[in-house]
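Enquirer: Would you be able to build a 3D model of this:
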Amino acid sequence: MSHKNDYSCIVYFGKNEKPKKWTYVHNLRGFGSFLDKEHSAWTYFNVYNRRTAQYLKRFYKGNIIPLFLSSMLLALVCTFFLTFNKSPLNHSSEITFNNGIYNTATIWTLHKQKGGCL
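Expert: So this is what the prediction gives:
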């Protein structure tokens with residue numbers, strides 16, 4: 001999956017400065033580090049899809065910023081669907097009791113039994 005310069009960002013500063021726009025942003029975490037070093041007065045920035053100009057997310061100073069938004073979205077979707085995993089293999093009572101017959105197994109071990117023929 002290619003993420004080459006997927007984002008445009010508009011950075012907002014204090015009350016006295018105008019917002020600035022960066023058109024070709026590749027790595028959001030690196031962009032946040034750049035802002036901390038070069039423009040320490042920033043308060044938040046909005047992230048847009050560079051090709052469609054669709055608004056994606058807002059990050060405030062001090063927030064955790066991911067490398068790419070799709071990786072964050074993928075992680076959230078995976079954890080959402082894993083919480084609702086209800087396969088029949090999780091219900092042991094449905095597996096062991098089938099049509100009135102218990103499906104069990106006896107495991108024979110090699111130890112000397114008392115009182116038997118062995």
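Enquirer: When you work out contacts or count neighbours from here on, use the C-alpha atoms and nothing else.
Expert: OK.
Enquirer: how many other residues sit next to residue 66?
Expert: Neighbour count of residue 66, defined by other Cα atoms under 10 Å: 14.
Enquirer: I'd say it and residue 28 touch.
Expert: Yes - contact criterion Cα atoms under 8 Å: residue 66 and residue 28 qualify, at 6.4 Å.
Enquirer: Can you work out which residues contact both of the two?
Expert: Common neighbours of residue 66 and residue 28 are not found (criterion: Cα atoms under 8 Å, 6 or more residues apart in numbering).
Enquirer: Show me the helices in this structure, by range?
Expert: For the chain, the helices defined by DSSP state H cover 28-38, 69-82, 92-96.
Enquirer: Excluding sequence neighbours, find me the nearest residue to residue 13.
Expert: Distances taken as Cα to Cα, 6 or more residues apart in numbering put residue 42 closest to residue 13, at 4.2 Å, once the chain neighbours are dropped.
Enquirer: Check residue 48 too.
Expert: Distances taken as Cα to Cα, 6+ apart put residue 55 closest to residue 48, at 4.5 Å, once the chain neighbours are dropped.
Enquirer: Tell me who's in contact with that neighbour.
Expert: Contacts of residue 55 were listed using Cα under 8 Å, 6+ apart, and they are 46-49.
Enquirer: cool, and residue 50?
Expert: Residue 50 touches 5-8, 23-24, counting by Cα under 8 Å, 6+ apart.
Enquirer: Please apply the same query to residue 27.
Expert: 5, 67-68.
Enquirer: same question, residue 19
Expert: Residue 19 is in contact with 10-13, counting by Cα under 8 Å, 6+ apart.
Enquirer: Check residue 28 too.
Expert: Counting by Cα under 8 Å, 6+ apart, residue 28 makes contact with 65-68.
Enquirer: Throw these into a markdown table and include distance to residue 17 and pLDDT, thanks.
Expert: Putting the contacts of residue 28 into a markdown table (distance: Cα to Cα, whole Å; pLDDT from 0 to 100) gives the following:
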| residue | distance to residue 17 | pLDDT |
| --- | --- | --- |
| 65 | 23 | 82 |
| 66 | 26 | 83 |
| 67 | 27 | 77 |
| 68 | 28 | 72 |
